[in-house]
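Q: Please work out how this folds:
(chains A and B)
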Protein chains: 2
Amino acid sequence: MSNSHTIGIDLGGTDIKFGVVSPQGKILFKGVLSAQVDLGRDAILANLNRAVERSLAFARKKNITITGIGVGSPGSVNLRTGRIEGSCPNLPQMLGVNLKKRLSPRFDYPVFVDNDANVMALAESRFGAAKGFKNVLCLTLGTGIGGGMILDGELFHGSNFAGAEFGHMTINHKGRRCNCGGIGCLEMYASAPAMVKETKRLLQRNRRSVIHKLIQGDLDRLTTKVIFQAEKKKDSLASDVINQACAYLGAGIASAVNLINPQVVVIGGGVSQGGLGFIRRIEEQVKKRAFPSATKKLRVVKAKLGNDAGFIGAAILCSSAVG
Amino acid sequence: MSNSHTIGIDLGGTDIKFGVVSPQGKILFKGVLSAQVDLGRDAILANLNRAVERSLAFARKKNITITGIGVGSPGSVNLRTGRIEGSCPNLPQMLGVNLKKRLSPRFDYPVFVDNDANVMALAESRFGAAKGFKNVLCLTLGTGIGGGMILDGELFHGSNFAGAEFGHMTINHKGRRCNCGGIGCLEMYASAPAMVKETKRLLQRNRRSVIHKLIQGDLDRLTTKVIFQAEKKKDSLASDVINQACAYLGAGIASAVNLINPQVVVIGGGVSQGGLGFIRRIEEQVKKRAFPSATKKLRVVKAKLGNDAGFIGAAILCSSAVG
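A: Purely as a prediction, here's the structure:
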């Protein structure tokens, strides 16, 4: 079966990324479709089908044998049934959908479904920044803060597929109320929206920040990308916000490190592209806070597979065959 | 080998508890010795030997076949070598000691060593409050807050035996400086000394609390036991301290639950004996804070094996044979 290729689909809040992947993690074909989430559940499912069809068309043309379809989806996914069971705030219209059931009848291949951050962790541990490591904490910094864990060489799911919700670790027991119902969750402090919100607050008291110019006075243009740009221009307000985010992330990661003692922490997602030693600064915070015995050999590194991690990880699901 | 019994030793900061345990978890013999920690490392080792000898004497008398010796010790323990490698603040004189090497030559049995909270988790999951569960978070509330985890049916150690340091999860990223070097660790808020300290602080401003009478005005007599006694007498100061501790513990446990999604959280150690719905109040806090998908089926329960959990778990080490 070593030349049997698989299709990986990464369902996101905006796009569907997909591709045909070899058992060695080589991308033979890839594509992107709008998920058209505004059009509702059926439109999303139609687009998922379209992504599979495009991949199959490529495989037929190139005479490549496909042996399975893997999907990474937001939310906690029941591996056995393929149903999206919960924790799906960014794509609520998919809650309760059984992706395995909805995709399998149309295609003559086994379908495997798992959480999007989990499949990213799988991809990074098999072919990316955590290659060769058996205990890996992988997190994605973006609109939310997602997590996936490889423990003792296996993707970890917890007792009812709700594990690795890294963004919802408590960093302040009396802190901000989170959308999940919790209190002081990391996501409320260090996600992209949290960084943007804090920057807006500080901008009101600081007329000299270069950010005003970068966004041409329009606060709606403010993104984490702009904040990192401003730091490159030695803007101290931007530096403060980023350093603060590193401290928050350091506290959350240290907490997880003391619990699961990984060899490597992989940081991916849009915000991780910030540059200027963003990852190194997070690492410093982690090493300052976590148990020395747990950080002695620990590495904090940037994800390697970028936007491809999701569909590569989804494609691998078929061969790591949990479902 | 089903009738092969093993010896379990639980090395604590005060006592050495030990016993002969059947493969079914039945205690055939048990004893306690002072660890004599003040006399230093050699005295502790001599007492460990004494505990083994007493157990062997019992086995000989009863014609019981012993097949191994297990030891639960504070600190992070290298399972392969048997050396105590770190995180050993309550028994620092044992840091660097190789228990396997020091015990094996004297006795003709294989010796297995693991962390004390880990072996407690093992015992509770095999024969106690978490029997039959595959994903278990076990914590001990006492001078420190220890942790052990069973993940996917196996005792979890992390990449260099430093995992499950539950007491050192962050609950306040800008909080109290911890002995471990970290900031805002749960142990600084909800351990027995933290509860006693907070009570002393509040007593200075409250002359009416029944605690003054219970300790006969001598603050050195204040223990968590007294605080729980006072709550039984409807003392509101005591209630405040205990409710606060439940909230701290709830935040820490919720954080861990969102990460490892266990089926059951087992709470043991001296403070867990508090009564008056202490465990139930912690559970309420956890369910209020953690992800609904992670708490839907979660149970928070009191440990069942009490003071025997340590040596029972140590005895099982021989049969779950990691080393």
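
Q: switch to C-alpha atoms for all contacts and neighbour counts from now on
A: OK.

Q: where do the helices sit along the stretch 1-150 of chain A?
A: Applying DSSP state H, counting those that start in this stretch to the stretch 1-150 of chain A gives helices spanning A:41-61, A:99-103, A:116-127.

Q: Buried deepest among these, which one?
A: Ranked by mean neighbour count under mean count of other Cα atoms under 10 Å in any protein chain shown, those are led by helix A:116-127, which reaches a mean of 28.

Q: quick check: domain ranges of chain A?
A: With domains defined by automatic domain parsing, chain A comprises A:5-126+A:307-320, A:132-303.

Q: Same list, the helices of the stretch 1-150 of chain A, but as TSV with mean pLDDT and distance to residue A:15 please.
A: Converted to TSV, those look like this (pLDDT from 0 to 100; distance: least, Cα to Cα, whole Å):
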stretch	mean pLDDT	distance to residue A:15
helix A:41-61	96	10
helix A:99-103	93	17
helix A:116-127	96	13
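
Q: Columns distance to chain B on top of those, output as JSON lines?
A: Formatted as JSON lines, these follow (distance: least, Cα to the nearest Cα, whole Å):
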{"stretch": "helix A:41-61", "distance to chain B": "22"}
{"stretch": "helix A:99-103", "distance to chain B": "19"}
{"stretch": "helix A:116-127", "distance to chain B": "12"}
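
Q: Strands of the stretch 151-300 of chain A, residue ranges please.
A: A:154-155, A:264-268, A:299-302 (DSSP state E, counting those that start in this stretch).

Q: and the shortest one, how far from the chain's centre?
A: In other words, strand A:154-155. Its chain's C-alpha centre and that of strand A:154-155 lie 16 Å apart, by Cα atoms, centre = their mean, to the nearest Å.

Q: got it, and the last one?
A: Computed by Cα atoms, centre = their mean, the separation of strand A:299-302 from the middle of its chain amounts to 15 Å.

Q: what's in contact with that strand?
A: Strand A:299-302 has contacts (Cα atoms under 8 Å, 6 or more residues apart in numbering or on different chains) with A:129, A:263-268, A:272, A:279-280, A:282-283.

Q: Between those, which sits nearest residue B:18?
A: Using Cα to Cα, residue A:263 comes nearest to residue B:18 of these, at 34.5 Å.

Q: Count the neighbours of the residue nearest to the closest one when sequence neighbours are not counted for me.
A: In space, residue A:263 comes closest to residue A:298 once its chain neighbours are excluded; the distance is 5.0 Å by Cα to Cα, 6 or more residues apart in numbering or on different chains. The local packing of residue A:298 (other Cα atoms under 10 Å in any protein chain shown) involves 20 other residues.

Q: Next up, the contacts around residue A:204.
A: Applying Cα under 8 Å, 6+ apart, no residues qualify as near residue A:204.

Q: What confidence value was assigned to it?
A: pLDDT, residue A:204: 95.

Q: cool, and residue A:319?
A: 79.

Q: Is the closest residue to residue A:155 other than its chain neighbours bridged to anything, and to what?
A: Excluding its sequence neighbours, the residue lying closest to residue A:155 (Cα to Cα, 6+ apart) is residue A:149, at 6.0 Å. Counting by DSSP bridges, residue A:149 forms beta bridges with residue A:137.

Q: Next up, the contacts around residue A:149.
A: Counted by Cα under 8 Å, 6+ apart, residue A:149 has contacts A:118, A:121, A:135-138, A:155-156, A:164.
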